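Participant: give me a model of this one.
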Amino acid sequence: MNTVYASQDLLLLNHLKHLLEQEGIDCLLEQVHLQGAMGELPLTAWPRLVVLDPDKKDEAQTVLKRALDSTTKPVGMRICGACGEPSESQFTDCWNCGAALPSKGSLKVRG
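Facilitator: Numbering: from 1, shown residues only. Model prediction:
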């Protein structure tokens with residue numbers, strides 16, 4: 001089987017599944033309904049995220065590693081053209097005045 005991640009945290013597993021699907025990697029969750037038997041089953045019975053195409057397993061693990069890396073920070077900041085307030089790169093609107101932020105091509109990298 002092409003298991004790439006296992007956890008008791010279904011919210012996390014679903015989030016990771018959606019990240020892989022956004023990258024075009026077909027996957028599914030297995031053993032989701034076995035949690036009711038925990039304590040009677042070994043830890044290997046945790047719900048798990050499985051990649052359907054064995055050739056995509058390495059790519060999936062790279063995506064998951066990047067997603068779970070706690071040292072990852074936003075690439076840059078966007079400066080609002082209306083009020084001059086900086087916002088992190090993942091936002092599309094200024095938090096301060098609500099104006100649309102400049103495109104991603106105009107990011108200012110943090111120093």
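Participant: for the chain, which spans come out with low pLDDT?
Facilitator: The model of the chain has pLDDT under 70 over residues 1, 34-44, 72-75, 104-111.
Participant: domains in it, as residue ranges please.
Facilitator: 3-68, 76-109 (automatic domain parsing).
Participant: in CSV: those, plus mean neighbour count.
Facilitator: All C-beta spots, glycine's among them, are computed from the backbone N, C-alpha and C. Formatted as CSV, the domains of the chain follow (neighbours: other CB atoms under 10 Å):
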stretch, mean neighbour count
domain 3-68, 14
domain 76-109, 14
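Participant: so which residues of the chain form strands?
Facilitator: Ranges of strands within the chain are 3-6, 27-30, 48-51, 76-79, 86-88, 108-109, based on DSSP state E.
Participant: neighbouring strands for the third one, and are they parallel or not?
Facilitator: The strands that strand 48-51 pairs with in its sheet are strand 3-6 (antiparallel), strand 27-30 (antiparallel) (by DSSP bridges).
Participant: gap between it and the chain center?
Facilitator: Put simply, strand 48-51 sits 15 Å off its chain's centre (CA atoms, centre = their mean, to the nearest Å).
Participant: contacts for that strand?
Facilitator: The contact list for strand 48-51 (CB atoms under 8 Å, 6 or more residues apart in numbering) reads 1-7, 13, 16-17, 20, 25-31, 57, 60.
Participant: and if we set it to 10 Å?
Facilitator: For strand 48-51, the surrounding residues in contact (CB atoms under 10 Å, 6 or more residues apart in numbering) are 1-7, 12-14, 16-17, 20, 25-32, 57-61, 64.
Participant: what's the answer for the second one, then?
Facilitator: Applying CB under 10 Å, 6+ apart, the set of residues contacting strand 27-30 from outside is 1-6, 10, 13-14, 16-21, 46-53, 56-57, 60.
Participant: what's near enough to touch residue 96?
Facilitator: With contacts defined as CB under 10 Å, 6+ apart, residue 96 is in contact with 80, 82, 83, 84, 85, 86, 87.
Participant: residue 103 now?
Facilitator: 78, 92.
Participant: repeat for residue 24
Facilitator: Contacts for residue 24 (CB under 10 Å, 6+ apart) come out as 56, 59.
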